[in-house]
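Chemist: Could you look at this predicted model? Sequence included:
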Amino acid sequence: MTNKHLYHIDFGWEDLGSPSPTIALLSGDPQRANFIAQTYLHDVRILSENRGLHSYLGYLPNGKPVLSATSGMGAPSLSIVVNELVQVGIQKIIRIGTCGSIQPHIPVGSIVISSAALCRQGAANDIAPVEYPAAADPFLTVALVNAAQELKIEHYLGITASVDTFYEGQERTNSANSHLIRKLEGITEEYRQLNILNYEMEAGTLFKMAGVYGFAAAAVCGVVAQRTVSENVISTSKDMAINNAIITAIHAATNVKNM
Ligand SMILES: O=P(O)(O)O[C@H]1O[C@H](CO)[C@@H](O)[C@H]1O
Ligand SMILES: O=c1cc[nH]c(=O)[nH]1
């Protein structure tokens, strides 16, 4: 752990009070990090809004200190934030994200809890060999599943595809680029056959970092697109999907034991 003020997250361990938080809820979207802090934590203090990486310190209903922080979109940004969070003493990270389902039985509004990731992400290759497993922490993951069961939230546990692009990498052609390079044509159907549940853009690198650095990581994502039906995000179900992911993570963070 360091006393340094970290360059990107723009706070240091000395800003975190005592006892300092060891768990972080990490959202891609800064507005989600803010919403989580304002809605589900108490005695909230803003730590920084540097570069849109909004971070808040607050307390769960059982008094446990927790960070609600922002990873930004994609693995390069996430890798910077996660490295710095670990430097200020974070030992557990739950990613709270959004994703696109690629299985017909996983509807918009439900949540996917990742057991592991197929990690097709360049940033992860700077951290570990490409073959290195991108596995979620089993204890944090079970805590998420238990939370979803207790809250009666429709949830699916399985493998996530973490990729670097929202459009080409997730085989979207309804965009500024209608041309897909050959290796990506049919990739979604191939992943479907491989029992991959969903697409998102951070979990794989987070899981590899957890293995290498020695912290615990898990991911829960609200399903906002159903890729067997359409490429589009379904905005009418987005809030419900995100809220389901958030309350599952809050419940799990409350129940999980300190290391
Ligand atoms: O909602 P967040 O957490 O940002 O997650 C998903 O949404 C973004 C793409 O729209 C990517 O970051 C993807 O992983
Ligand atoms: O389809 C989707 C939806 C959210 N996030 C993604 O990465 N893909």
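Modeler: Arrived safely. Ligands and ions are numbered 1, 2, ... in the order given.

Chemist: close to ligand 2, is the host helix or strand of Val86?
Modeler: Counting by DSSP states H and E, the element that carries Val86 is helix 75-87. No - with C-beta under 6 Å from any ligand atom as the criterion, ligand 2 is not reached by helix 75-87; the gap is at least 11.5 Å. Glycine gets a C-beta too; all of them are placed from N, C-alpha and C.

Chemist: Name the next helix or strand downstream of that helix, please.
Modeler: Following helix 75-87 in sequence, per DSSP H and E, is strand 92-101.

Chemist: For the helix or strand following that next one, output the C-alpha coordinates as CSV.
Modeler: Scanning forward in sequence from strand 92-101 by DSSP H and E, the next helix or strand is strand 111-120. Extracted in CSV, the C-alpha atoms of strand 111-120 (Å, rounded to 0.1, in the frame of the first residue of the first chain):
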residue,chain,number,x,y,z
ILE,A,111,-28.1,-10.0,-15.1
VAL,A,112,-25.1,-12.0,-16.1
ILE,A,113,-22.6,-13.0,-13.4
SER,A,114,-19.3,-13.9,-15.0
SER,A,115,-17.6,-17.1,-13.8
ALA,A,116,-14.7,-16.4,-16.2
ALA,A,117,-14.0,-14.5,-19.4
LEU,A,118,-12.8,-15.2,-22.9
CYS,A,119,-10.4,-12.3,-22.9
ARG,A,120,-9.8,-10.8,-26.4
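
Chemist: okay, the closest residue to ligand 2 within the stretch 1-150 of the chain: pLDDT?
Modeler: Using C-beta to the nearest ligand atom, Gly100 is the residue of the stretch 1-150 of the chain that sits closest to ligand 2, at 2.3 Å. Confidence at Gly100, expressed as pLDDT, is 98.
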